[in-house]
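Participant: Give me a model of this one.
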Amino acid sequence: MQNYIYKTEFEVRDYECDLQGIVNNSVYQNYLEHTRHKFLLATGLDFAKLHKEQIDPVVYRVEIDYKFSLKSGDKFISYLNYERKGHLKTIFNQYIHRKSDNKLILKAKVIVVILKNGKPILPDVFFDAFEKYKT
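Facilitator: Alright, predicted model coming up:
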């Protein structure tokens, strides 16, 4: 398993599962987003405060490879790494592993851009805050 710079734990709730008894595919994006928001808070960035300053990180693209399914009650860990792509994009490489056996459930690439007053800006606010997490 590779080294990750941030992780958070979850447990699947009954209502997140579909008729097949597995987590609905769209719910995984909620897990990924919650992980990114918790990471931002850990670095000292407050998503709501940024918005009040007219700074809005927005998802540009999401690529998800689903490997296995989680079921109600499964405990899992959501991991995160990041990288800069070009001048404007930040890539969050995210992974979910089932806690009981460390099985890879999914891997995702989430590309984010930062807007200020609706216009793209350099992601320096991210990278200044992320400095302590540099690998």
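Participant: List the beta-bridge partners for the residue lying closest to A42 once chain neighbours are set aside.
Facilitator: Closest residue to A42 apart from its sequence neighbours, by C-beta to C-beta, 6 or more residues apart in numbering: Y6 at 6.6 Å. Backbone N, C-alpha and C define where each C-beta goes, glycine included. Counting by DSSP bridges, Y6 is bridged to L80.
Participant: correct me, but Y6 touches R36?
Facilitator: No: judged on C-beta atoms under 8 Å, Y6 makes no contact with R36 at a distance of 9.0 Å.
Participant: who touches both of the two?
Facilitator: Both Y6 and R36 are in contact with L80, where contact means C-beta atoms under 8 Å, 6 or more residues apart in numbering.
Participant: low pLDDT regions in the protein?
Facilitator: Scanning the chain for pLDDT under 70 picks out 1-2, 134-135.
Participant: Now with 80, please.
Facilitator: 1-3, 132-135 (pLDDT under 80).
Participant: Next, please give the residue ranges for the helices of it.
Facilitator: 25-42, 47-52, 124-130 (DSSP state H).
Participant: The second one: which residues count as buried?
Facilitator: When you say that, I think you mean helix 47-52. For helix 47-52, burial by neighbour count (16 or more other C-beta atoms under 10 Å) applies to L50.
Participant: can you check stretch 127-135 too?
Facilitator: F130.
Participant: Export it to CSV, keeping only CA atoms.
Facilitator: Below are the C-alpha coordinates for stretch 127-135, written out as CSV (Å, rounded to 0.1, in the frame of the first residue of the first chain):
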residue,chain,number,x,y,z
PHE,A,127,-0.6,24.8,-1.9
ASP,A,128,0.4,27.3,0.8
ALA,A,129,-1.9,25.4,3.3
PHE,A,130,-0.8,22.0,2.0
GLU,A,131,2.9,22.7,2.5
LYS,A,132,3.1,20.7,5.7
TYR,A,133,1.7,17.6,3.9
LYS,A,134,4.3,17.6,1.1
THR,A,135,5.6,14.2,0.4
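Participant: Cheers, nothing more for now.
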